[in-house]
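> Just to be clear, the model below is a prediction. Sequence and coordinates:
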Amino acid sequence: MKWDSIIRYGIVRRLEPFEFNEPSVTVIANVSAAPYTRDNIKKNLVNEITSPVRWFESIQYLRQNGETEFIEVDPGNVLSRLLPQV
């Protein structure tokens, strides 16, 4: 069994007993570049562990939905410098 399959299995088992509500704020999933919903929270959390981040698509989604201000909270400015390219 590959390491990502082992990790996915463990995360799925740990999330099984939890029930999630509809998010009260919009949260964009790194794996789908679309908002979390009550129905996709568990699946997204599992997939985000072993899938690539769709950062460009996430920014495109946000811009298409009226977002114009982005604040980078990590110590660098790599993402801020990438914004004009999106």
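That came through, no problem. This is a predicted model, so every value here is computed, not measured.

> Longest helix of the protein, counting residues only.
helix 3-15 (DSSP state H).

> got a list of contacts for that helix?
42, 45-46, 49-50 (CB atoms under 8 Å, 6 or more residues apart in numbering). For every residue, glycine as well, the C-beta is placed using N, CA and C.

> for stretch 38-57, same thing?
With contacts defined as CB under 8 Å, 6+ apart, stretch 38-57 is touched by 4, 7-8, 11-12, 15, 18, 20-23, 29-33, 36, 79, 82, 86.

> for that stretch, the distance to its chain's centre please.
Counting by CA atoms, centre = their mean, to the nearest Å, stretch 38-57 is centred 5 Å from the centre of its parent chain.

> Sort out which residues of that stretch are buried, please.
For stretch 38-57, a neighbour-count test (16 or more other CB atoms under 10 Å) marks 40-42, 44-47, 54 as buried.

> buried stuff in the host helix or strand of Leu62?
Per DSSP states H and E: Leu62 is located in helix 55-64. By 16+ other CB under 10 Å, the buried positions in helix 55-64 come out as 58-59, 61-62.

> Mind pulling up the pLDDT for Val86?
pLDDT recorded at Val86 is 83.
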